[in-house]
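*Asks:* Coordinates only, no sequence provided:
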């Protein structure tokens with residue numbers, strides 16, 4: 001193949017070959033080869049030029065991504081493969097990024113843990129978040145989650161959850177708070193401990209809530225049931241809400 005035309009533009013160099021093919025390479029690639037009009041290119045030279053050019057483009061793309069956000073190795077590879085790059089090309093770019101500490105899964109994961117701790121996420125939720133970010137399991141397993149920190153985060157959440165479920169009776173409130181802690185990634189032990197902090201209900205307040213729930217349940221069920229069956233359905237519904245049998249019978 002012979003170079004028949006070279007056109008140097010602002011950000012790239014266009015090269016036309018006598019077989020009708022064209023190359024559009026970056027200036028870094030152009031300066032790495034002694035290219036001029038009339039030069040004969042062997043297949044091997046042509047291959048090296050295209051490989052270096054593709055790597056340069058891929059690296060430029062990776063650096064652009066990295067300038068906007070942090071990436072795990074897995075997620076960066078995923079992005080590069082979307083550019084239809086070969087494994088060899090991707091490995092080369094990843095190696096360069098690592099050499100400049102632009103990809104460091106250990107540092108990235110610790111930064112993420114610090115951020116998620118500030119949001120009061122529990123250990124299990126944080127582990128899931130790290131996995132979603134492309135942090136490899138081997139790295140996640142090395143991270144420590146001290147019990148003292150987990151309990152501190154759980155305590156930070158308590159007043160918020162207690163307020164959120166304040167409209168429920170004591171039994172329901174305990175169950176909702178227990179479930180909420182599990183959803184936030186805390187262990188069963190911590191969820192149980194936090195739910196047990198709910199104080200025993202004030203009898204007067206509990207009866208007031210029971211009366212409100214009784215009316216709601218009655219209105220909903222009496223459209224379908226009557227008499228003894230209605231009473232049984234109401235009783236069953238209120239029991240599932242955590243009210244005591246004696247209190248329900250008093251209200252009914």
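*Replies:* That came through fine. Bear in mind the structure is a predicted one, so any value in this text is a computation, not a measurement.
*Asks:* SS state for residue 4?
*Replies:* Classification of residue 4 using DSSP: H, G, I helix; E, B strand; the rest coil returns strand.
*Asks:* Apologies, that question was intended for residue 142.
*Replies:* Residue 142 ends up coil, using three-state DSSP.
*Asks:* How much space separates it from residue 252?
*Replies:* According to Cβ to Cβ, to the nearest Å, residue 142 and residue 252 sit 58 Å apart. Just so you know, the C-beta spots here come from the backbone N, C-alpha and C atoms, and that holds for glycine as well.
*Asks:* What segments of this protein are helices?
*Replies:* Under the criterion DSSP state H, the chain contains helices at 27-32, 43-68, 73-81, 87-99, 105-118, 123-132, 137-140, 147-164, 170-183, 188-195, 203-221, 227-240, 245-251.
*Asks:* for the residue lying closest to residue 157 once chain neighbours are set aside, what are its contacts?
*Replies:* Nearest residue to residue 157, sequence neighbours excluded (Cβ to Cβ, 6 or more residues apart in numbering): residue 120, at 5.1 Å. Listed by Cβ atoms under 8 Å, 6 or more residues apart in numbering, the contact set of residue 120 reads 153, 154, 156, 157, 184.
*Asks:* now, among the residues you listed, which is nearest to residue 223?
*Replies:* residue 184 (38.0 Å; Cβ to Cβ).
*Asks:* pLDDT value on the closest residue to the closest one other than its chain neighbours, please?
*Replies:* Closest residue to residue 184 apart from its sequence neighbours, by Cβ to Cβ, 6+ apart: residue 122 at 5.1 Å. Note for residue 122: predicted pLDDT of 97.
*Asks:* how about low-confidence regions in the stretch 151-252 of the chain?
*Replies:* Within the stretch 151-252 of the chain, the stretches with pLDDT under 70 are 200-202.
*Asks:* circling back to that earlier point, I'd assumed residue 186 was in contact with the residue nearest to residue 184.
*Replies:* Yes - Residue 122 is within contact range of residue 186, at 3.5 Å (criterion: Cβ atoms under 8 Å).
*Asks:* Look up how far residue 151 lies from the residue nearest to residue 184.
*Replies:* Taking Cβ to Cβ as the measure, residue 122 and residue 151 are separated by 10 Å.
*Asks:* Show me the one of the helices of the chain that comes nearest residue 1.
*Replies:* With Cβ to Cβ, the closest approach to residue 1 among the helices of the chain belongs to helix 43-68: 6.2 Å.
*Asks:* Would you mind getting the angle between the closest one and helix 73-81?
*Replies:* Angle, helix 43-68 to helix 73-81, by axes from the mean of the first three to the mean of the last three Cα atoms, to 10 degrees: 130 degrees.
*Asks:* that older thread, which of residue 122 and residue 151 has more residues huddled nearby?
*Replies:* The neighbour comparison of residue 122 against residue 151 (other Cβ atoms under 10 Å) goes to residue 122, with 23 against 15.
*Asks:* which residues touch the residue located most distally from the centre of the chain?
*Replies:* The C-alpha centroid of the chain is most remote from residue 38, which lies 54.6 Å away (Cα atoms, centre = their mean). Residues in contact with residue 38, defined by Cβ under 8 Å, 6+ apart, are 2, 3, 4.
*Asks:* List just the nearest of those residues to residue 231.
*Replies:* Of all the contacts of residue 38, residue 231 sits closest to residue 3, with 95.3 Å by Cβ to Cβ.
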